[in-house]
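K.L.:
I'll drop the sequence and a predicted model, then ask my questions.
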Amino acid sequence: MSKKYATPLLDELKKGAFPSFVKEMEMAAERSDMAADLLGLVELSYKEKVTHWKHGGIVGVRGYGGGVIGRYSDIPDKFPGVAHFHTVRVNSPSGFYYTSDAIKEICDIWDKYGSGLTNVHGSTGDLVLLGTRTESLEPIFAELSSRGWDLGGSGSAMRTPSCCVGKSRCEWANIDSMAITNDITHHFQDEMHRPAFPYKFKFKVAGCAVDCIASIARADMSIIGTWKGDIRIDQTEVKNCETKGMNIQTEVIDMCPTGCMQWDGKQLKIDNSNCNRCMNCIARMPKALRPGTEQGATLLLGSKAPIVTGALMSWVIVPFIKMEPPYEEFYELVGKIWEWWDENGKNRERIGELIERLSFPRFLKEVGLEPVAAMVKEPRRDPFFFWSEEDIIKK
Amino acid sequence: MSKKYATPLLDELKKGAFPSFVKEMEMAAERSDMAADLLGLVELSYKEKVTHWKHGGIVGVRGYGGGVIGRYSDIPDKFPGVAHFHTVRVNSPSGFYYTSDAIKEICDIWDKYGSGLTNVHGSTGDLVLLGTRTESLEPIFAELSSRGWDLGGSGSAMRTPSCCVGKSRCEWANIDSMAITNDITHHFQDEMHRPAFPYKFKFKVAGCAVDCIASIARADMSIIGTWKGDIRIDQTEVKNCETKGMNIQTEVIDMCPTGCMQWDGKQLKIDNSNCNRCMNCIARMPKALRPGTEQGATLLLGSKAPIVTGALMSWVIVPFIKMEPPYEEFYELVGKIWEWWDENGKNRERIGELIERLSFPRFLKEVGLEPVAAMVKEPRRDPFFFWSEEDIIKK
Amino acid sequence: MSELPQRQTDIGPPHYEKFLHPVIKKNYGKWKYHEILTPGSMVHVSETGDKIYTIRVASPRLLSTNTIREMADIATKHCGGYLRFTTRNNVEFFVDEEGKIAPLIKELQDKGYMVGGIGPRISNVVHTQGWIHCHSAATDASGLVKAIMDDLSEYFTTKELANRVRIAVACCVNMCGAVHCSDIALVGVHKTPPRIDDENVKNFCEVPSTIASCPTSAISPDPSKKSVKIKLEKCMYCGNCYSVCPAMPISDPDNDGVAIVVGGKVANLRSAPTFSKLAVPWLPNNPPRWPEVTDAVKKILNAYIAGAKKHERVGEWIGRIGWEKFFQETALPFTIQHVDDFTFARETFRTTAAFKWT
Amino acid sequence: MSELPQRQTDIGPPHYEKFLHPVIKKNYGKWKYHEILTPGSMVHVSETGDKIYTIRVASPRLLSTNTIREMADIATKHCGGYLRFTTRNNVEFFVDEEGKIAPLIKELQDKGYMVGGIGPRISNVVHTQGWIHCHSAATDASGLVKAIMDDLSEYFTTKELANRVRIAVACCVNMCGAVHCSDIALVGVHKTPPRIDDENVKNFCEVPSTIASCPTSAISPDPSKKSVKIKLEKCMYCGNCYSVCPAMPISDPDNDGVAIVVGGKVANLRSAPTFSKLAVPWLPNNPPRWPEVTDAVKKILNAYIAGAKKHERVGEWIGRIGWEKFFQETALPFTIQHVDDFTFARETFRTTAAFKWT
Ligand code: SRM
Ligand code: SRM
Ligand code: SRM
Ligand code: SRM
Ligand code: SF4
Ligand code: SF4
Ligand code: SF4
Ligand code: SF4
Ligand code: SF4
Ligand code: SF4
Ligand code: SF4
Ligand code: SF4
C-alpha cells in the first residue's frame, strides 16, 4: 500500500533491533486515516522539532469528569485525521494480566472507533487508547462498559491505582498487592470518575521493598509490603549458593546495609533486630532466604514529579499496618487524609506539597497519627520547634 | 573574708572534680566589688531562673566601632557593682600562645580597671575581659595598646580570626595557619575596628582537614590546609603499628571512606587518585603516614549559627589555593566577595545566607569563580536551570 | 447510537482473577522461589511443586491493534490464552512446562520480537507521549527510546551488567515518566521563556492560577493588558505556566532539547531510594536519532560498566566514587547549570574539605 | 587620665613568635610525628630530633586573674615561661625533656588542676556566657558545664572512649558555642513567645528590622500602636526578635529550659562534617545541677559507649545503627518536636521502606 505522506525521518526509525513504534503507526495507518495523518503530523514534528498538539479542551463521557484526555492538532487543516485525537484511559486489571480474548475484544472496539493505536500501558497504568474523535467517546464507553471495562482517572481525581505482580507470581509479596489494588479501585469509583480533589491522587502498591511498581517515586500514597519477625533461612540452600559460585561474603554479607549478617562458611546468622528489611540478601539467595511470616505494609505518602517545589519521594506515615480485607483501618485513614487535604489544600496542590507547606507535625496531629522515629531519616537539626498550650508550665 | 552575699546555690558548684567557675568568681570577689556583686546577681539568676542582664547599649573606645560589648544589669540598685559590666575583647595572638609575663601584664591592667574576671578565650577566640565600667574603657585601651595589644572585633565587622596550633606544634599542618591568621588580622585592621559590613564576618584557619578550630562550622570563610600528590608512607612504621597491636585492617583500611587503601600484611598501598584526604589513616598512624608535600588550602564559605534559615556549614568555593605570603590571590578574592556582599547583602545577612538567597551559581558568576564539581556534594536534582543570552541558539 | 449496548458506570476494571493462568491462579500466594534461566526466561516454583515459566519480550509500548492481536494469538497458541504486561511495558508469556519454552521463543523471534530484559540488564524504557500526543513536549519520547535501545539492545537480549540499569524518558519536566528516580533518564527541557500572547491570556487564562503556577515567582500581573508579565531573569523555562495557560507557548525548535539525569533508583535494596541528579543540562533535539544524546548515554553506561562492582546500581557506583569522579570518568563537562539553585540547593553544597582531585 | 600611656590604634595583636617556646620556634614547621603518652601528656617529635612535651589541664574558662597568675607562675617555673590555651579552652604547658613532666604534673595536681583531655576522651566543654553575662540566655552555661563535667570527669582524666566526644553548651539558639556540630550539645531554649511592650517597641525598636528578624514571619506591624504583633501559632520562640528589639522579652523562669542535640562533628576524618540533631527537645532549668540534663547526657554517652565501634564518633555510631535505634537504645522518647518543620524539613523524612523495628 502506498503511504499517504513521505516520512523520511520516521522511516529511519524502522531500522534497528528494538521494536519500532513507527512500524506500529504504519500498520495502523493501513486501516485508519487517523493513524495515517498521525504519521504525517509526527514527521512534521521531527522536521520542525516542535510538537503539533494544542492544549486539550474538556471532553469526556456523560456523568464522568475524567478518563479522557482531549487533544487537538494545531494544524487540523493539514492533517484532518488528527483534528481530534483524544485518548481514552481504560482502567487496566490489577497486575496487567489479560486473556487473549479480552484484549482482542478491546482491539475490536478500538479498530471500530479509534486510530488502532494504543499504549499498553500508560505510565500511571491505564490501558491507553490513543486517538479518537469527540463524537466517538460515548459509543466507545458504551461498548467498553457493557463488556465489563471502565475508564480510569484523569484530572483532579483519584487516578487508576496500580501494583506489582505480587502474590500472583512473586514469592516475596508480603501483601496481596493485586487484591488491594482491585479493592481500592472499586472502593473509590466515585473519587476516580468525578474529580473533586484539589489535584490528582495516585495509589501504588508494591508487595515488598523491592518496589517493582516504583511506588515510592510516583504515588501520593505508596503501599509497600513488609514483615515482622525473622527472615526464614534454609541453611542448606545457603551453602548451595556458595557451591554454585556465589561469593556470600562480598555479595551478601558486605552488602547488607545494616551489617547485621554473619557467615562463617557453614552457617548464616542474621541479627533480625537490626535488619531494616531492605531485601538485598533475599534477592541474592531466593532459594535460601524468605521474608518473615508476620506480613503487612508500610504506608508512605507524598511522592510526585518536580513541579512546583522539586520532586518528592513518599515518606513513612504508618510503619506497619495489616492490609487484610475489608481494610477498614486503611480506608479510615485515607478518608482522614483526604478530608485534611480537602480542607487545607490549594488548587493544584498535591498532598505531599501541602504537608510540606503546612508541616509534617501539623499533618500528624490533625490526622491523628502518633509520631514515631521510623517516620524520619533523622530528627530536626535546628532547635526551633513548637509547643502546645498543654506543654506550657503555668505557675 | 566574709562574703558579701549568701550564695547557697552557687556554693554547690564549688564541689566536684571539675574546676569551679564559682571559685574563680569568689577569688576575684575578694578584691573586686564588681566580682562580688556578680556573685550576688548570678545567685539570683540561679534562684529565679532568668538572666539579669539588659540589652547592651553602644559603648566603646574612641575611633573604634567595636571590641567592647556593653552590658548593664537590670537590677543595678540591688547590685551596683555590676550596673555597668562591659566586656573588652582583646585580640589574642595566633595560636593562643602567651608568655607568663605577657599574660600577667594583662592581668595587671585588668585588676586595675576591671572585675578581675576573664574568659580565656571567648568562642570566637578573643581574650575576653569580663566586666568593667564605661569610664574605664579608654584607660584600659591606652594601657593595652601602649603595651602592644589591640582590641578584637564585634558588631557588623570582621571578627577576630583564629586558628589551630598548626605548624608550631603539629606535624599535619599543610598551611601556616598561625602566620595566615596573623596576616589576615593585620591586613584588615580597619575592617575589624570600624564595622561597615552588612553583618559579622569570621575567618578561621585550620592546618588540615582534622579542623581542630572547627572552622567549617563557624567561619564565614574557612581556610583548611590540604595537599596534592601522594601520602608519604614509611612501610616499616606501618608494620610497627601492627606489631604494637593496631588492627590495620579494621582501624585503617576498612575505615577509609573511599576504599582506596590495601594492606596485605606487608605493604600498605594507597590509590592516591581516589583518596579524598580525609586524614583518617594519617591520624591512626602518625609515625607511618604523612600528608603529601605540595601544600595549599581549600577555601570554604558560609558557615554560621541557625538563626534565621537554619545552621550552615561552610562549603567549597576554591578547591586548592597556595597560601603563601603575600597572599595576593587570596586577598583579591576576599575583596571581591566582600564587595559583592556589600552590594547585595541585606542588613544582618551573613554571606552564606546571601548566597543561599541569590543562588550559588550567581555568586560564582559575579565573583568570577569557575564552577567545578568539587563545589558540590551532588549536582542539582530537578532539571530547572538558567541559561545566559550567549547560550541561546538564534537562527 | 441505537445499536450501542447499554452503558454502565462505575463498574471498575474486571477482576484480575479472570485473567490468571490456571497455574498462577492455583499457586497464588504460594510461590517459593524463582530462577532466571536465560535473559528472557525465568521460572517460579511453588510450594506445591508447580512451576510457571515466564518468557519476556520487549514492546515499543506504542502498539497497534495488529501487534496486540498477534501477541494474543501467540498466547492462545502457546500459553492457554494468557499474557501480561510488566510495569515497564514488556510483555510476558507463560508456559507450565519447560519443554514449551523453546517453541514459544522460536515463534516470538521468528515474528521479530526481542526476547530478554530479565535480570541484571537493561529492560524496557519507561517513557511518555512526546510529539505523538502531548502539547507540552519539549522532545519526542518514542523516538529517543528507539534510538537508545537500538544502540543498547544487546544489554536487553544477552549481555549482563552489574545490576539493572533503568532508563526512562520524559518529554517535559512534568515527568510523566517518573524520570526523577531512574538510573539514566532523559527529560525534554526548554531553554527560553514562554512567549506571552496577551490577547489570549486575557480571553483563555485565569491570571491568579497562572501566577501561582510559577515555581520561581517569575510571573506577575500586567493589569493594563489584563494579562501577565514574566521577570525573565527568574524564569527557568519549566513550562508550568503553559500547562495552566495555553496562551504562553514555550517551545522553541532550536533551543528545546534533552537533559540527562542519572543515579536514581526506587528499590530499597542495600541503599535507600535516590533521586536522579543532573549529568548533562542540555543536548540538542536532533531527530530522528539524537546522536548527541545516545553518545552521552553510552559514555555514562560505559563508565558504569568499567567502574561498578557487582550488584551496584548506577547511583551506588557514583556514591562510592563521588560525583567529582563521575564527571572525570564520563568526560562530561561540569557546568554552572549543575550547581543547584532550586529549593534544596544548600543541601547539595560540598560542606567538607574531603573530596577527590580531578 | 594624664598618667595614662599613649594609646595606639590598629596595631593588631602581638606577633605570635614572641610567645613561642624556643623548641617550638626552632622546630616550627618541622614536626614529624606525635605520640600520646598519658591522658594529659603527649610528645611531638621534630625532623631535627627535638621533642616537645605538652601537658594539658582543664580550665573553667571563666578565669580570675588569680588563677591566670598562678598558671603563669607554674609556666615560669617549669616551662621557661611559656604556655598556651587550646581551641577548647584548656591550658597547655610545655617541657623539652621527658624528666620534666612528672614534677610539672605533680605541681599542677597539687594545686588542684585536672590533668587530661588528650586523645579519645571528653575534653573541655565549649560554652558561652549564660547568666554570667548575656541578656539573651535561656539557661546558664558555666553551671551546666560544671554539673556535667563533675559527672564525667573520669573521661577527661583517665577513661578512654571509642573516639573524642565533643560536648558544647550554648545558652540560647544564637549558639555562640557553635553547638550545631558537636557530639553532644546543650542549648538553652524558650517555650513561650516574646511579650511585647508596645510603649518600648515604639520608642526603642526599628519596626522593619524587627519584622525581618523573624525566621517564621510571625511578626507583623501593629500600626495603631506603632508597634508590632505576633502570630502566636507561628512563633517558635527563637528569641531573634528580642536580639533586635529589647522591648520583646522572651525569658520565662518555668518554661525556659535546655534542649539536647547530638551526633554533630567538624573533623573530616572518615565521614563528612555533620550537623547535630535533636535528641531531647526540652528539659527544665533546674540549677544548680540540672539533674534531668546530666541524666540525659549520661544516657546518651552510655549508649554510645555500649554501642560504638573503635574510632566511631557519636554521629557515626548513630548513622550506623539508625536514629530509630538511637531512641530505643537511649530510651529517650521520640516526640512531635523531633519531626522537622523548618527550612529543610522535607529532606529529613524517611523516604524508604527500609528502617528498623523498635
Ligand atoms: C499519558 C501519560 C504519559 C504516558 O505516556 O504514559 C501522561 C500524560 C500527561 N500527563 Fe502525566 N501522564 C502520565 C503519567 C504521569 C506520571 C507517572 C505516574 O502516574 O506514575 C507522572 C509523575 C508522577 C506524578 O503524578 O507526579 C505524571 C506527572 C504529570 C504532571 C506533573 C504533576 C505534578 O504534580 O507535578 C502533569 C502536569 C499537570 O498535572 O498539569 C502531567 C500532565 C499530563 C498531561 C495531561 C499534559 C497536561 O499538562 O495536561 C499529559 C497528557 C498527554 C497526552 O496528551 O496524552 N503529568 N504523569 C501518563 C498517564 C497514562 C495512564 O493513565 O496510564
Ligand atoms: C562572648 C561570646 C560567647 C562566649 O562566651 O564565648 C559571644 C557572645 C555573644 N554573642 Fe555570639 N558570642 C561569641 C561567639 C559566637 C560564635 C562562635 C564563633 O565565633 O566561633 C557564634 C556562632 C558562629 C556564628 O558566627 O554564626 C556566635 C553567634 C552569635 C549570634 C548568631 C549570629 C547569626 O548570624 O546567626 C548572635 C546574634 C547576633 O549577632 O545578634 C550572637 C550574639 C552575641 C551577643 C553579642 C548577644 C547579642 O545578641 O547581642 C553575645 C554577647 C554576650 C555577652 O554579653 O558577653 N552571637 N557567637 C563569643 C565571642 C567571644 C570572642 O570574641 O571570643
Ligand atoms: C515483572 C516485574 C513486576 C511487575 O509487576 O511487572 C518485576 C519482577 C521481578 N523483579 Fe523487579 N520487576 C519489575 C520492575 C521492577 C522495578 C520497577 C521499575 O523498573 O520501574 C524495579 C525498581 C527499579 C529501581 O530501583 O529503579 C525492580 C527492581 C528489582 C530488584 C532490585 C534491583 C536492585 O538491586 O536495585 C530486584 C531484585 C533482584 O533480583 O536483583 C527485582 C526482582 C524481581 C523478581 C526477581 C521478583 C520475583 O521474585 O519474581 C522478578 C523477576 C524479574 C526480572 O528480573 O526482571 N526487581 N523491578 C517488573 C518488570 C519490569 C520489566 O519489564 O523490566
Ligand atoms: C590542641 C588542639 C589544637 C589547638 O590549636 O588548640 C588539638 C590538637 C590535636 N588534635 Fe585535634 N585539637 C584540638 C581541637 C580539635 C577539634 C576542635 C574542637 O573540638 O572544637 C577537633 C574537631 C572535633 C570534631 O570533629 O567535632 C579535633 C579533632 C581531632 C581529631 C579527629 C577526631 C575524629 O576522628 O573525629 C584528631 C585525630 C585523632 O587523633 O584522632 C585530632 C588530633 C589532634 C592532634 C593529635 C594533632 C597533632 O598531631 O598534634 C593534636 C593532639 C591533641 C589531642 O589529642 O587532644 N584532633 N581536635 C585542640 C585541643 C582542644 C582541646 O583542648 O581538647
Ligand atoms: S515489589 Fe516485591 S513482591 Fe512485588 S514483584 Fe517486586 S519483588 Fe515481587
Ligand atoms: S534484608 Fe537487608 S538489612 Fe536485612 S539482613 Fe538482608 S541485607 Fe541485611
Ligand atoms: S587542624 Fe590539622 S594541622 Fe591543625 S592542629 Fe589539628 S591536626 Fe594539626
Ligand atoms: S586520607 Fe582518608 S581517604 Fe585518603 S587514604 Fe587515608 S583514610 Fe583513605
Ligand atoms: S512528560 Fe510532559 S510532554 Fe511528556 S506526556 Fe507528560 S506532560 Fe506531556
Ligand atoms: S516557564 Fe516556569 S519559571 Fe518560567 S515563567 Fe513559566 S512557570 Fe515560571
Ligand atoms: S548563646 Fe545566646 S545567651 Fe549565650 S552568649 Fe551567645 S547570645 Fe548570649
Ligand atoms: S521568638 Fe523568633 S519566631 Fe517568635 S516572634 Fe520572635 S523572632 Fe519570630
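P.N.:
All right, it came through fine. If you're wondering where the values come from, they're calculated on a predicted model, not measured in any experiment. Numbering: from 1, shown residues only, chains lettered A, B, ... in the order given. Ligands and ions are numbered 1, 2, ... in the order given.
K.L.:
hang on, residue A:317 in a strand?
P.N.:
Yes. Judged by DSSP: H, G, I helix; E, B strand; the rest coil, residue A:317 forms part of a strand.
K.L.:
from residue A:46, how far out is it?
P.N.:
45 Å (C-beta to C-beta, to the nearest Å). Every C-beta, even on glycine, is put in place using the N, C-alpha and C of the backbone.
K.L.:
can you pull out the strands in the stretch 251-358 of chain C?
P.N.:
For the stretch 251-358 of chain C, the strands defined by DSSP state E, counting those that start in this stretch occupy C:257-262, C:277-284.
K.L.:
then the stretch 1-150 of chain A?
P.N.:
A:53-54, A:68-69, A:72-73, A:86-90, A:97-99, A:117-120, A:127-132.
K.L.:
export the ones you listed to TSV and tack on distance to ligand 10, mean pLDDT and mean neighbour count?
P.N.:
Listed next are those as TSV, based on distance: least, C-beta to the nearest ligand atom, whole Å; pLDDT from 0 to 100; neighbours: other C-beta atoms under 10 Å in any protein chain shown:
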stretch	distance to ligand 10	mean pLDDT	mean neighbour count
strand A:53-54	18	94	20
strand A:68-69	21	97	24
strand A:72-73	22	96	21
strand A:86-90	25	98	26
strand A:97-99	40	98	26
strand A:117-120	27	98	27
strand A:127-132	27	98	26
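K.L.:
any stretches of the stretch 251-358 of chain C with poor pLDDT?
P.N.:
Along the stretch 251-358 of chain C, no part satisfies pLDDT under 70.
K.L.:
now the residue of it found nearest ligand 12. Nearest residue, chain neighbours left out?
P.N.:
Going by C-beta to the nearest ligand atom, ligand 12 is nearest to residue C:346 of the stretch 251-358 of chain C, at 20.4 Å. Closest residue in space to residue C:346, ignoring its immediate chain neighbours: residue B:356 at 5.4 Å, by C-beta to C-beta, 6 or more residues apart in numbering or on different chains.
K.L.:
separation between residue C:98 and ligand 5?
P.N.:
Distance check for residue C:98 against ligand 5: by C-beta to the nearest ligand atom, to the nearest Å, it reads 22 Å.
K.L.:
isn't that residue right next to residue C:53, touching?
P.N.:
Yes. Between residue C:98 and residue C:53 there is a contact under C-beta atoms under 8 Å: 6.5 Å.
K.L.:
how about the strands of the stretch 1-150 of chain A, which one is nearest ligand 5?
P.N.:
Minimum separation from ligand 5 across the strands of the stretch 1-150 of chain A (C-beta to the nearest ligand atom) falls at strand A:97-99, 13.2 Å.
K.L.:
strand partners (parallel or antiparallel) of that closest one?
P.N.:
With DSSP bridges as the test, strand A:97-99 is paired with strand C:82-85 (antiparallel).
K.L.:
hmm, the strand it pairs with in reach of ligand 3?
P.N.:
No. Shown here: strand C:82-85 not in contact with ligand 3 (C-beta under 6 Å from any ligand atom), separated by at least 7.5 Å.
K.L.:
which stretches in the chain count as helices?
P.N.:
Reading this off chain A. A:8-12, A:21-31, A:33-48, A:100-113, A:137-146, A:177-187, A:189-193, A:215-218, A:235-243, A:248, A:280-284, A:328-344, A:351-358, A:360-367 (DSSP state H).
K.L.:
can you look at chain C instead?
P.N.:
Using DSSP H, the helices assigned to chain C run over residues C:22-26, C:65-79, C:101-110, C:142-152, C:154-157, C:198-204, C:207-212, C:240-244, C:291-307, C:314-321, C:323-330.
K.L.:
which strands and helices sit next to the fourth one?
P.N.:
Same thing as helix C:142-152. Applying 3 or more C-beta pairs under 8 Å, 6 or more residues apart in numbering or on different chains; DSSP states H and E, one finds that helix C:142-152 contacts helix A:21-31, strand C:167-170, helix C:291-307.
K.L.:
which of those sits most buried?
P.N.:
Here the criterion is mean neighbour count by mean count of other C-beta atoms under 10 Å in any protein chain shown, and of those the winner is strand C:167-170, at a mean of 30.
K.L.:
ok, back up a step: out of the helices of chain C, flag the one nearest ligand 7.
P.N.:
When the helices of chain C are compared by C-beta to the nearest ligand atom, helix C:323-330 sits nearest ligand 7, at 22.6 Å.
K.L.:
near chain D, anything from the closest one?
P.N.:
No. In terms of C-beta under 8 Å from any C-beta of the partner chain, no part of helix C:323-330 sits within range of chain D; the closest distance is 13.2 Å.
K.L.:
again, but for stretch A:291-301
P.N.:
Yes. Stretch A:291-301 comes into contact with chain D (C-beta under 8 Å from any C-beta), by way of A:298, A:300.
K.L.:
dump that stretch to CSV, restricted to CA.
P.N.:
Taking C-alpha atoms only, stretch A:291-301 is exported to CSV below (Å, rounded to 0.1, in the frame of the first residue of the first chain):
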residue,chain,number,x,y,z
PRO,A,291,10.8,-12.8,54.3
GLY,A,292,9.3,-13.4,57.8
THR,A,293,5.8,-14.6,58.2
GLU,A,294,4.0,-11.8,60.0
GLN,A,295,3.0,-9.8,57.0
GLY,A,296,1.7,-6.3,56.5
ALA,A,297,2.6,-3.0,54.8
THR,A,298,4.3,0.3,55.4
LEU,A,299,2.3,3.3,54.2
LEU,A,300,4.2,6.2,52.7
LEU,A,301,2.8,9.5,51.5
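K.L.:
how far away is the residue of chain C most remote from its centre from residue C:198?
P.N.:
For chain C, the largest distance from the centre (C-alpha atoms, centre = their mean) belongs to residue C:224, which lies 43.6 Å off. In this view, residue C:224 and residue C:198 are 10 Å apart by C-beta to C-beta.
K.L.:
circling back to that earlier point, can I get the strands of the stretch 251-358 of chain C in JSON lines with distance to ligand 7 and mean neighbour count?
P.N.:
Listed next are the strands of the stretch 251-358 of chain C as JSON lines, based on distance: least, C-beta to the nearest ligand atom, whole Å; neighbours: other C-beta atoms under 10 Å in any protein chain shown:
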{"stretch": "strand C:257-262", "distance to ligand 7": "36", "mean neighbour count": "26"}
{"stretch": "strand C:277-284", "distance to ligand 7": "31", "mean neighbour count": "23"}
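K.L.:
export these to JSON lines and append columns for distance to ligand 8.
P.N.:
Shown next, in JSON lines, are the strands of the stretch 251-358 of chain C (distance: least, C-beta to the nearest ligand atom, whole Å):
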{"stretch": "strand C:257-262", "distance to ligand 8": "24"}
{"stretch": "strand C:277-284", "distance to ligand 8": "22"}
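K.L.:
residue C:140: which of the ones you listed is closest?
P.N.:
With C-beta to C-beta as the criterion, residue C:140 lies closest to strand C:257-262 of those, at 9.8 Å.
K.L.:
does chain A sit close to that closest one?
P.N.:
No. Strand C:257-262 does not reach chain A (C-beta under 8 Å from any C-beta); its nearest approach is 9.2 Å.
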